[in-house]
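Asks: Pasting the sequence and the predicted coordinates here, then a few questions.
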4 protein chains.
Amino acid sequence: MKTIQSDKFGIENLKITSTPKPTPGPHEVLVKIEAASLNYLDLMVINGQYNPQLPLPHVPCSDGSGTVETTGSNVTRWKKGDRVTTHFIQQWISGSKTPELFLSRTGLEHPGVLREYISIPETALVRTPDILSAEEASTLPIAALTAWTGLFEYARLKPGQTLLTQGSGGVSIFALQLAKAAGARVIALSGSPAKLEKLRALGADEVINYRETPDWHVEARRLTDREGVDAILDVVGTDTLTKSIYAIKADGFIGLTGNLSGAVVPFNIYDTVPANATLRGISVGSVENFRALLKAVETVKLKPVIDSVFPMDRIQEAYRYMQQGTFFGKIVIKID
Amino acid sequence: MKTIQSDKFGIENLKITSTPKPTPGPHEVLVKIEAASLNYLDLMVINGQYNPQLPLPHVPCSDGSGTVETTGSNVTRWKKGDRVTTHFIQQWISGSKTPELFLSRTGLEHPGVLREYISIPETALVRTPDILSAEEASTLPIAALTAWTGLFEYARLKPGQTLLTQGSGGVSIFALQLAKAAGARVIALSGSPAKLEKLRALGADEVINYRETPDWHVEARRLTDREGVDAILDVVGTDTLTKSIYAIKADGFIGLTGNLSGAVVPFNIYDTVPANATLRGISVGSVENFRALLKAVETVKLKPVIDSVFPMDRIQEAYRYMQQGTFFGKIVIKID
Amino acid sequence: MKTIQSDKFGIENLKITSTPKPTPGPHEVLVKIEAASLNYLDLMVINGQYNPQLPLPHVPCSDGSGTVETTGSNVTRWKKGDRVTTHFIQQWISGSKTPELFLSRTGLEHPGVLREYISIPETALVRTPDILSAEEASTLPIAALTAWTGLFEYARLKPGQTLLTQGSGGVSIFALQLAKAAGARVIALSGSPAKLEKLRALGADEVINYRETPDWHVEARRLTDREGVDAILDVVGTDTLTKSIYAIKADGFIGLTGNLSGAVVPFNIYDTVPANATLRGISVGSVENFRALLKAVETVKLKPVIDSVFPMDRIQEAYRYMQQGTFFGKIVIKID
Amino acid sequence: MKTIQSDKFGIENLKITSTPKPTPGPHEVLVKIEAASLNYLDLMVINGQYNPQLPLPHVPCSDGSGTVETTGSNVTRWKKGDRVTTHFIQQWISGSKTPELFLSRTGLEHPGVLREYISIPETALVRTPDILSAEEASTLPIAALTAWTGLFEYARLKPGQTLLTQGSGGVSIFALQLAKAAGARVIALSGSPAKLEKLRALGADEVINYRETPDWHVEARRLTDREGVDAILDVVGTDTLTKSIYAIKADGFIGLTGNLSGAVVPFNIYDTVPANATLRGISVGSVENFRALLKAVETVKLKPVIDSVFPMDRIQEAYRYMQQGTFFGKIVIKID
């Protein structure tokens, strides 16, 4: 079968090779992958930045969607033909995530989804909603689930509360869509007038161009009667965290999901104290969280925003396009 | 000023009389009432059923909306001309409700709103949203706040979860509207095909005619892949509670708001045990809860469903119309 | 190996027979059982009351503790010699309990622990704390875990809050011990002066003899400055639930665990509404909950109260002794 | 009456002066202060570090306890002779703290307690527990309430969970005492062998000398089977926060209370993400929180640890002693 692998770090080393089709174990399912989607994580993995010790060759990419081909002897949940989507942290079924569960990630400790077939535990799959194509469903496992967990498992966002989103990456766009579907108010930040227009079209109640308004935290307070916003998913890091803290309401929630702008943030802990504000790391979510997200996707008929779809043989181009940062929504790889 | 009072229990004793305009104390506000809305509670009060010891004559009705006329010397939150709506449990500002706070209800321990002017503590008012008329805002203090507290403070309903509503009284319609605005799925129960149609027009995903389908709990399970529904606001009592318990999901929430069908419910506690289900009494909510509701009303542009508006001099007719139970939405009294 | 079975319902049909020693599957562990403990559930099972359709012959009893003898080929968590205790709902690992997980109970859907060896999934065992003997550990799986889940997962009891316990069965005594270890105040109810003395010796701050003080809910309110108690584990049912509701504080918690006095409780839902009180069914707990309980047991050095220990050949006597209801603490069966 | 004031910043400017006895307003209570206690905040205030714009002369100190002398005309909660303790954020009664409520602090926006009499709103007082002297009660308003709010309102610490405390200031000692009373396990950090011995005597299960073991986060993980600790109250800041993050368990809680070692902390947000850890600012608490704390104090008979008691005329000495940092427990000023 066709498999995209890299035997060295670097986008230029991503190549299509031929590997044997895997055989599912007794509790595993063989899935014919039809689509995969990229996350920033994938850039950090291929650049050797995320885990320089990663064993090579490596099959990258964590988010895939497809159809059940065969099932192991003990599998009870799935049958041939079921449309399924992969879960990122394979062993994190529900409850608290322990370090031991964590190290079971598709595309890291386990091989990724940029290949025609994957053999995966039956508990590490979710049912693809009927309203979504495989391309659309492939965008959910990391970006949408991170937004879901942050907003609805941790921040417990209520209708009428205000969320501030940063930029137009996958997590931020899903957060905007989910928050609007949940009756919340959204203030969206971006540095591009064209993207701000798109964010508004997706439902953002207010938009702020952070290049024109670098003190966006002041503007966010002004837009909320000086109370501050109830929740922020901070997807950036160094450049934003201090301002996020200034913009947050008493008892508000700041979810930390990544660090596009650099990991080490000098921040003044004084600022969180008067606000009783919460900062919380979010590491995607459990299968139980994913199932809850899918019920929401079905109920509100959420349509993932796809920027572009690349065929397998243009994989290097897809990664480079992500690296540029000009996309709006998810970048999908068609597997066939 | 014109005041509706009853010097004996009974709808036939509701009469317009002339009383002196009240003078606000230092922390009070004089409000020109423009509209009031009825709740079942008002029927129980006027019939002497709710509190046979209620001192008479009594000015009934708990839900009012109007405009600030004058303010007491120490008032800082309001000024003449502000559009305001009354809060039901006047001293319950935030946090837990104690028995001592409870006994401060507009239309019970304190005189009601069926009069041209009311003097009320400045902390027992909320700002009327710009998008609502006084008639519309007058429908919120009991019915909408009960639905809000049940769904978003206690049940913490998430997008994609399923709510089951019962009938078409004020609480149930607000619950349906708020749940849909919050991205939840709604199964609505009614005994009337015409009302079921209206419920569907308001957004109900599924409707069940409980006359045709008396085992509605079985149907509710069927509609939820046999898992059961996540939340129910049980507004009825004897006729419904056992079935509500059968219909609820593991870890689900049943809010108890009243007992239209009789107070004493023989129910089998066994049934809640395997489900880990929660039953919780809801007694409207605090001012902090009301403010949270109003933010949701503004964000989702919620329009209260008004069945009919009566002038003050047809007050007996309004009460009798409520008694019939054929209405759909709120019954409003115009005060002028 | 020796196995206690019944081929018909009725205590008189509990007999020691010889059965083959089970062979563990790849994910299973063979445990040499050393002690088992009885719960009311066991009486209801043997009487055919709990599930008249239970397949017979049946190996009863849900709570066991012993030592790992051998492990299946894929087992990673346990090794020979490990001291382990069985979990009741075998497949409920963490998160929400679904109906499908529920039907995996030791001593019901799966054979019980009144036998020398049991083969059980490796995930359905917990490590026995060093400070407990097998006899002591065998008392935990149902009674202590029910108390734990009710008090610390659902009621979230805090230091200084007041718990009311009913009687001196396993759940109530564990609730008393755990609540005192957690800095809470305990009001203990019993109908026997001798038992009240023992409850006080275990740490109860206040005791009420419900025979002398049938209006114990009034006394409970008096003892809490009329505020009411924060939490109650109602283990009785018909005779107590209405009074429990009268005794509970605003926003208080009543856990429902069983129905010693009969299942159908006519209760007035009005009474829960002004209190915003919560009633919640408790069905023991998950493995994750059990592990949290064991950390508490170790930290506070909790010693289970054992009333008596019976050898296997006096099993009928043990069941009849439980039926009398004169015991104080847990009844243990020594398996050897 | 005698009042300690400073007309310039600097400990050397703290002087006893004579000021008129205040007259309580209608909703106020005149309290004869008997004891006050110092917090680090008081050092930062007198040094002009906390608020360089603070109007002078200023009566410092936020924590006081005494006896009601007279009551304003509308006061209903208190009568002459009641033993009372002051609340820090006077207008924060319950629920969420808004910026507007925040600016009502005893010893900051309102004059402090280093004077014979204080006039204070009746709602900004709590009842002093019978088991505490005025000296003991004066230690509670900031330090004990901060520990309470962090551990039991936010972290919701359960029996058997592990708390790590830092040093031997007021917050850390109260956290240790409250956590032990709540059945938790405590790992206490200090740089002094003598203090570690005292912390152990107060109940610490494990102690770590951070001078001998600068990698105390590694040791904390070792002591918790590598899982990490459930909760940390980080009272230091720069020197500790990164290690606190390394030491915390998945889904664990780090409360931020101050910054003894400097405000700006460069910390790597990556580290919180895999742990789903929460960092939350704590700004003392509401009156409702204070009442909950007092119930715990009474139930577990908590005795505050007092390092030393100074008379009013040695106030400069008391402040300088606090500055040295060699104390263990609270520094109290006797007001007479």
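Replies: Alright, I've got the coordinates. Numbers count the residues shown, from 1 in each chain, chains lettered A, B, ... in the order given.

Asks: which residues touch the closest residue to chain C within the stretch 101-250 of chain A?
Replies: Chain C sits closest to A:Leu101 of the stretch 101-250 of chain A, with a gap of 10.3 Å, by Cβ to the nearest Cβ. Where C-beta positions appear, they are placed from N, C-alpha and C, glycine not excepted. Residues counted as contacts of A:Leu101 (Cβ atoms under 8 Å, 6 or more residues apart in numbering or on different chains) are A:89, A:91-92.

Asks: Would it be right to say that it lies in a helix?
Replies: Yes: counting by DSSP: H, G, I helix; E, B strand; the rest coil, one finds A:Leu101 located in a helix.

Asks: tell me the pLDDT at it?
Replies: Listed pLDDT for A:Leu101 reads 81.

Asks: Same question for the one 10 residues further on.
Replies: A:Pro111 is assigned 94 on the pLDDT scale.

Asks: Run through the residues that contact it.
Replies: A:58-59, A:118.

Asks: hmm, try it at 10 Å
Replies: By Cβ atoms under 10 Å, 6 or more residues apart in numbering or on different chains, the contact set of A:Pro111 is A:3, A:5, A:19, A:22, A:57-61, A:118-120.

Asks: for chain B, what are the nearby residues on chain A?
Replies: A:148, A:151-153, A:156-162, A:178-186, A:205, A:224, A:230, A:291-300, A:302 (Cβ under 10 Å from any Cβ of the partner chain).

Asks: Quick one: buried ones out of the residues you listed?
Replies: A:148, A:151-153, A:157-162, A:178-186, A:205, A:224, A:230, A:292-300, A:302 (16 or more other Cβ atoms under 10 Å in any protein chain shown).

Asks: Just those: which are in strands?
Replies: A:162, A:185-186, A:230 (DSSP state E).

Asks: residues from the stretch 51-200 of chain A in reach of chain C?
Replies: A:74, A:92-96, A:98.

Asks: Highest neighbour count among the residues you listed?
Replies: The most crowded member of these, judged by other Cβ atoms under 10 Å in any protein chain shown, is A:Trp92 (27 neighbours).

Asks: if we can go back for a sec, please produce JSON lines containing the contacts of A:Pro111, extended by secondary structure.
Replies: JSON lines is the format used below for these (three-state DSSP):
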{"residue": "A:Thr3", "secondary structure": "strand"}
{"residue": "A:Gln5", "secondary structure": "strand"}
{"residue": "A:Thr19", "secondary structure": "coil"}
{"residue": "A:Pro22", "secondary structure": "coil"}
{"residue": "A:Pro57", "secondary structure": "coil"}
{"residue": "A:His58", "secondary structure": "strand"}
{"residue": "A:Val59", "secondary structure": "coil"}
{"residue": "A:Pro60", "secondary structure": "coil"}
{"residue": "A:Cys61", "secondary structure": "coil"}
{"residue": "A:Ile118", "secondary structure": "strand"}
{"residue": "A:Ser119", "secondary structure": "strand"}
{"residue": "A:Ile120", "secondary structure": "strand"}
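
Asks: which of the contacts of A:Leu101 are close to chain D?
Replies: Okay, of these, nothing touches chain D (Cβ under 10 Å from any Cβ).

Asks: Let me have these in CSV, extended by secondary structure and distance to A:Thr106.
Replies: What follows is the contacts of A:Leu101, written out as CSV (DSSP: H, G, I helix; E, B strand; the rest coil; distance: Cβ to Cβ, whole Å):
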residue, secondary structure, distance to A:Thr106
A:Ile89, strand, 8
A:Gln91, coil, 11
A:Trp92, coil, 11
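
Asks: mind putting the residues you listed in CSV, pLDDT and distance to A:Gly252 included?
Replies: Below are these laid out as CSV (pLDDT from 0 to 100; distance: Cβ to Cβ, whole Å):
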residue, pLDDT, distance to A:Gly252
A:Ile89, 96, 27
A:Gln91, 93, 32
A:Trp92, 93, 27
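
Asks: What residue in the stretch 1-150 of chain A comes nearest to chain B?
Replies: For the stretch 1-150 of chain A, Cβ to the nearest Cβ, closest residue to chain B: A:Trp148, 8.7 Å.

Asks: Is it correct that that residue is in contact with A:Thr257?
Replies: No: if you go by Cβ atoms under 10 Å, A:Trp148 and A:Thr257 don't touch, sitting 11.9 Å apart.
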